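In: what would the 3D arrangement of this be:
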Amino acid sequence: MSTDNGAIGPEVRAAIDAGDADALARLIASDELAASCQIVWGEPGDDGEAPNRCSALHYVANARFHGTCLDGDPVELATLLLDAGADADWGGRVAIGETVLQTAVSLYERDLAELLLDRGASLETLGGCVDNGTALALAAHFAATEALELLVERGARIYNLPLAAAVGELWRFVKPAGVLATALQRHPADPNRQPLYRDLGQALARAVHYAAIHERAEVLDRLIELGADVNAVEGGATALHRVAWWGREVGAELLLERGADRRLRDAGHKTTPAQWAEVRGHGELARVLARGTW
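Out: You can find the predicted model right below:
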């Protein structure tokens, strides 16, 4: 893997930004470093350096979400790079240390994630901004339900109770005798051997958030039976705030039907779920949350 951006990096970036598969193919054909070059991008910091140096493939995964590539097909661009030898797992130094697959699922590039898996990307690599977790943890956190289900289909490890709630498989940790101790754990490969959740209450709170985000009605009901509070604050906000942020109307309805309090305010900005929805441009959901009914 080349670590020298060289002259080809800016040209590769320009082709990706333009969504120009033909231009990218020409660059790959003319320079053996094109598929493995680094791309420098992002707003310079106080030191004048751009925050991100990543592989061209990782840049493709980022480009549409960050608005640098509004045209073109990320799967087509990525296929060209992979066919020319780009590593499906290698990302480079990005601000939050994610693999290409982790970035793809968290930025809603489900089809790109599928291509990466087809080309050998690892499901279980740890990293990113969610609990040093796997791609599955990122998909659960960022409401990427389609990518989440793809990862499960491909065999992703479901390694704690909140992830089981996200995918609708509580049975993995909830048995007739109670909740298994492993429900609180980190990924087994994580060098931090301490539980991810301090107690069952915290794990149940996160599980409620994930069940609502991914619109799992039966899971919500079972969590409530186990003692979960639909108004539990986790990460400074309630589950109703989370579904408002992600525009999940069904999730909001599920929570309201089960007693969620739409008047509660988050810890940071002291705002209601309706205000979260409004900020994110989910106008109809904001109006529903403001009045409390459909």
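In: from here on, contacts and neighbour counts on C-alpha atoms
Out: Noted.
In: now stretch 263-278: buried residues?
Out: Buried positions in stretch 263-278, judged by neighbour count with 16 or more other Cα atoms under 10 Å: 264-266, 272-278.
In: in the stretch 1-150 of the chain, which ranges drop under the pLDDT threshold?
Out: Low-confidence segments of the stretch 1-150 of the chain (pLDDT under 70): 1-6, 48, 50, 91-96.
In: okay, and which of the buried residues of stretch 263-278 map to helices?
Out: The helices, defined by DSSP state H, take in 273-278 from those.
In: so which pair among those is furthest apart in space?
Out: Pairwise distances across these (Cα to Cα) peak at 8.6 Å, for the pair Pro273 and Glu278.
In: now do the shared contacts for the two.
Out: Common neighbours of Pro273 and Glu278, using Cα atoms under 8 Å, 6 or more residues apart in numbering, are Ala286.
In: for Ala104, which residues are in contact?
Out: Each residue near Ala104 by Cα under 8 Å, 6+ apart is listed here: 61-62, 110, 112-113.
In: cool, Asn231 as well?
Out: 238-240, 260-261.
In: by neighbour count, which of the residues you listed wins?
Out: Leu240 (34 neighbours; other Cα atoms under 10 Å).
In: just checking, that one touches Ala252?
Out: Yes: the pair Leu240 / Ala252 is scored as a contact, 6.1 Å apart, by Cα atoms under 8 Å.
In: quick one: contacts for Lys251?
Out: No Lys there; residue 251 is Gly. 212-216, 243.
In: kindly apply the preceding question to Tyr59 instead.
Out: Contacts of Tyr59 by Cα under 8 Å, 6+ apart are 13, 39.
In: change it to 10 Å
Out: 12-13, 16-17, 38-41, 52-53, 66, 68-69, 74, 78, 91-92, 94, 100, 103 (Cα atoms under 10 Å, 6 or more residues apart in numbering).
In: before we move on, what about Val288?
Out: By Cα under 10 Å, 6+ apart, the contact set of Val288 is 249, 252-253, 262, 274, 277, 294.
In: from Gly247, how far off is it?
Out: Note on Val288: its distance to Gly247, by Cα to Cα, to the nearest Å, is 12 Å.
In: quick check: neighbours shared by those two?
Out: In contact with both Val288 and Gly247: Ala277, using Cα under 10 Å, 6+ apart.
In: my guess is Ala267 contacts Gly235. True?
Out: Yes: in this structure Ala267 lies within contact range of Gly235 using Cα atoms under 10 Å: 8.6 Å.
In: can I get the helix or strand where Leu240 lies in CSV, CA atoms only?
Out: Under the criterion of DSSP states H and E, Leu240 resides in helix 239-246. Coordinates of each C-alpha in helix 239-246 appear next as CSV, following Å, rounded to 0.1, in the frame of the first residue of the first chain:
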residue,chain,number,x,y,z
ALA,A,239,-34.9,7.4,22.7
LEU,A,240,-37.6,9.9,21.5
HIS,A,241,-34.8,12.4,20.8
ARG,A,242,-32.9,9.8,18.8
VAL,A,243,-35.8,8.8,16.6
ALA,A,244,-36.6,12.5,16.1
TRP,A,245,-33.0,13.1,14.9
TRP,A,246,-33.0,10.3,12.5
